[in-house]
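> next input, structure requested:
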Amino acid sequence: MDPSALDLSRMQFAFTVSFHIIFPALSIGLASFLAVLEFAWLKTGKPHYRDLCRYWAKIFAIGFGMGVVSGVVMAYEFGTNWSGFSKFAGPITGPLLSYEVMTAFFLEAGFLGIALFGWEKVGAAAHFGATLLVALGTLMSTFWILASNSWMQTPQGFTIADGHVVPVDWFKIIFNPSFPYRLAHMTIAAFLVAALVVAATGGWHLLKGRRDPAVKTMYSMALWLLLILAPVQAIVGDQHGLNTRKYQPAKIAAIEGLWETEHGGTSLNLIGFPDMNAEVTRYAIKVPHLGSLILTHTWDGEIRGLKEFPKEDRPNSSLIFWTFRIMAGLGILMILTALIGLALRRHGQIFEARWFQRLTVAMGPAGFISLLAGWITTEAGRQPWVVYGVMRTADAVSPVTQQSVGVSLLIFIMVYCLVFGTGIYYILKLIGMGPTGENVLAQTRSLEHDADATGRRPLAAVK
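Numbers count the residues shown, from 1 in each chain. Predicted coordinates:
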């Protein structure tokens, strides 16, 4: 096996999974948002809720479709590039992914058509039921995918026979030690991705002069969700970190750029540049005992340094040291954005503060960036294991050549940029158009009429 072919195979899978994960994350969050909007319409009868639901359903459908297409590619990669893993772990990962298809995907696909095109063809209750089932399907998909991935992080409930794993206890396999934390962390991340996109869309149209109920409602709802979930995500992330320290201590040491075990209290490296060869974190800015407080919740807790692990078992600290800080830093910005929004709301300025609207627009991609940084931290931090402590990544790859993987990677890059670039462009175009509907159009015409009566058109102020 050519070592460079292994690296290219990892690059190819990282590229395809990075493209894939952003679309399911958006669709998971939007599916539940659609259910809430439709419920609000049925409860209040206010037409702008229906306008918003139909508007965001278009964006959800595009994200869902691109997520399905990119997911199929990844399924084939298990056979083409990672046949060693499929042969070894297939008896566990195969059924888990099959459960995802038979429950979540079939549920989503079965009711998606009704949710998208059944507004005038079925009753209101039946349509709302279809929307709920689609939202439930996205959450069930998250459940099974995270069960499979979490088992690879903290495997249990199996034995090894004839060169492959044999399931012994499916309850332990599914509900492995890291699963509850990872499921909660990923689900909340998906909701935050959607909330930031919706808030950015609302902020964009507020900057353009729109003040109709649809724009105000989606902007307000997104900021409320951000205010609730961003702090919760920080708490869940803290608990996930404690779980990771227990089951994957080398990952924690690499995330913190910690080489020596510090007795009597561990410092936290705020910034620095880990050097894997020299086994030191250069130019580190340390805060004494803060590492112990965060990672052990005690003043003098000890964290094992990377030097306590064999070199061949160490994750790449140079990479995940910074991806973790990108994720955490953006999380702090999300909390601050939500708190600023709350303060402006209490002073009646949330729809008038243009500087804050620009901030929400700028924060629109933050959920995606934080999500990708978090996944890189999780997956690169697991290395050199594909099934942690059980199977190494080098043993999981197919007997492929450097040339074949390099050519396929190049093709993937070109096709993905064309296909998914077009999809992303269309989503951005829909976002730029904003929600429409009879109620929205009537409100817009009313605003323009009032502005004409006073000699000032609403868009004139923002040109």
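
> T93 and P213: what is the separation?
As judged by C-beta to C-beta, to the nearest Å, T93 and P213 stand 47 Å apart. For every residue, glycine as well, the C-beta is placed using N, CA and C.

> so those two - more neighbours on which side?
Between T93 and P213, counted using other C-beta atoms under 10 Å, T93 has the larger neighbour count: 21 against 17.

> quick one: contacts for the closest residue to the more buried one other than its chain neighbours?
Closest residue to T93 apart from its sequence neighbours, by C-beta to C-beta, 6 or more residues apart in numbering: S148 at 5.1 Å. Each residue near S148 by C-beta atoms under 8 Å, 6 or more residues apart in numbering is listed here: I92, T93, L96, L97, E100.

> quick one: which of these is most hemmed in?
Going by other C-beta under 10 Å, I92 tops the contacts of S148 with 24 neighbours.

> thought it was touching F158?
Yes: contact status for I92 versus F158: in contact at 6.3 Å, counting by C-beta atoms under 8 Å.

> so T281 sits in a helix?
No: T281: not assigned to a helix; according to DSSP: H, G, I helix; E, B strand; the rest coil it is strand.

> mind jotting down where the strands sit in the stretch 151-300 of the chain?
158-161, 164-167, 268-275, 280-287 (DSSP state E, counting those that start in this stretch).

> quick check: mean pLDDT of the second one?
Rounded to a whole number, the mean pLDDT of strand 164-167 is 93.

> cool, and the first one?
Model confidence over strand 158-161, given as mean pLDDT, is 93.

> strand partners (parallel or antiparallel) of it?
Strand 158-161 has its sheet partners listed here by DSSP bridges as strand 164-167 (antiparallel).

> related to what we said a few turns ago, list residues touching both of I92 and F158?
Applying C-beta under 8 Å, 6+ apart, one finds that I92 and F158 are jointly contacted by V165, P167, I173.

> any quick PyMOL command for the buried ones out of the residues you listed?
Filtering those down to the buried ones (16 or more other C-beta atoms under 10 Å) takes a single PyMOL command:
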select buried, resi 165+173
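
> just the closest of the shared contacts of I92 and F158 to G137, please.
I173 (22.2 Å; C-beta to C-beta).

> surely that closest one and T159 touch.
No: using C-beta under 8 Å, I173 makes no contact with T159, being 11.5 Å away.

> which residue is nearest the middle of this protein?
L371 (4.0 Å; C-alpha atoms, centre = their mean).

> distance of it from P365?
10 Å.

> can you check V419 too?
Taking C-beta to C-beta, one finds V419 at 20 Å from P365.

> likewise V232?
Taking C-beta to C-beta, one finds V232 at 21 Å from P365.

> check A338 too.
17 Å.

> what segments of the stretch 51-200 of the chain are helices?
83-99, 106-117, 124-153, 170-174, 179-207 (DSSP state H, counting those that start in this stretch).

> could you tell me the least trusted of these?
helix 106-117 (a mean of 86).

> can you spell out which helices and strands pack onto it?
helix 47-80, helix 124-153 (3 or more C-beta pairs under 8 Å, 6 or more residues apart in numbering; DSSP states H and E).

> name all residues that make contact with A284.
Contacts of A284 by C-beta under 8 Å, 6+ apart are G257, N269, L270, I271, G272, F273.

> what sits opposite the fourth one in the beta ladder?
In this structure, I271 has beta-bridge partners I285, where bridges are defined by DSSP bridges.

> how near is the nearest residue to W41 once chain neighbours are set aside to L116?
Among residues not flanking W41 along the chain, Y49 sits closest, at 3.7 Å (C-beta to C-beta, 6+ apart). Distance check for Y49 against L116: by C-beta to C-beta, it reads 17 Å.

> one step back: work out for me the element the residue nearest to the centre of the chain sits within.
helix 366-382 (DSSP states H and E).

> what does that helix contact?
Applying C-beta under 8 Å, 6+ apart, the set of residues contacting helix 366-382 is 14, 17-18, 21-22, 25, 152-153, 182, 185, 189-190, 192-197, 248, 251, 254-255, 315-316, 319-320, 323-324, 326-327, 330-331, 333-334, 388.

> what does stretch 322-342 give?
By C-beta under 8 Å, 6+ apart, stretch 322-342 touches 192, 196, 223, 226-227, 230-231, 233-234, 237, 255, 271, 350, 356, 359-360, 363, 366-367, 369-370, 373-374, 376-377, 380.

> from the chain's centre, how far out does it sit?
On the basis of C-alpha atoms, centre = their mean, to the nearest Å, stretch 322-342 sits 14 Å off its chain's mean C-alpha point.

> now stretch 188-195
Using C-alpha atoms, centre = their mean, the offset of stretch 188-195 from its chain centre is 7 Å.

> and the gap between the residue nearest to T93 and P155?
Computed as C-beta to C-beta, the S148 to P155 distance reads 11 Å.

> and what of Y49?
For Y49, the distance to P155 (C-beta to C-beta) stands at 45 Å.

> equivalent analysis for G94, please.
Taking C-beta to C-beta, one finds G94 at 15 Å from P155.

> looking at those two, which is more packed in?
P155 (23 against 13).

> can I assume the more buried one is in contact with V390?
Yes: with contact defined as C-beta under 8 Å, P155 reaches V390; the gap is 5.6 Å.

> which neighbours do those two share?
V165.

> low-confidence bits of the chain, can you list those?
Across the chain, the ranges flagged by pLDDT under 70 are 1-3, 437-463.

> state which helix of it is the longest.
helix 3-44 (DSSP state H).

> quick one, it and helix 366-382 angle?
Following axes from the mean of the first three to the mean of the last three C-alpha atoms, to 10 degrees, one obtains 140 degrees for the angle between helix 3-44 and helix 366-382.

> distance between helix 3-44 and the chain's centre?
Per C-alpha atoms, centre = their mean, the displacement of helix 3-44 from the mean C-alpha position of its chain is 6 Å.

> repeat for stretch 110-125
28 Å.

> what helix or strand is R304 located in?
Counting by DSSP H and E, R304 is found in no helix or strand.

> now A328
helix 317-346.

> OK, contacts around P274?
Contacts of P274 by C-beta under 8 Å, 6+ apart are A254, G257, V280, T281, R282, S317, S318, F321.

> how close does it sit to T159?
For P274, the distance to T159 - C-beta to C-beta - is 37 Å.

> do F85 as well
Counting by C-beta to C-beta, the separation of F85 from T159 is 18 Å.

> between the two, who's got more neighbours?
F85 (21 against 9).

> once you drop chain neighbours, what's closest to that one?
A396 (3.6 Å).

> and I252, how far from G291?
10 Å.

> what does K251 give?
K251 is 14 Å from G291, by C-beta to C-beta.

> neighbour-wise, which of the two wins?
K251 (25 against 22).

> do I have it right that the more buried one meets S317?
No: under the criterion of C-beta under 8 Å, K251 is not in contact with S317, lying 9.6 Å apart.
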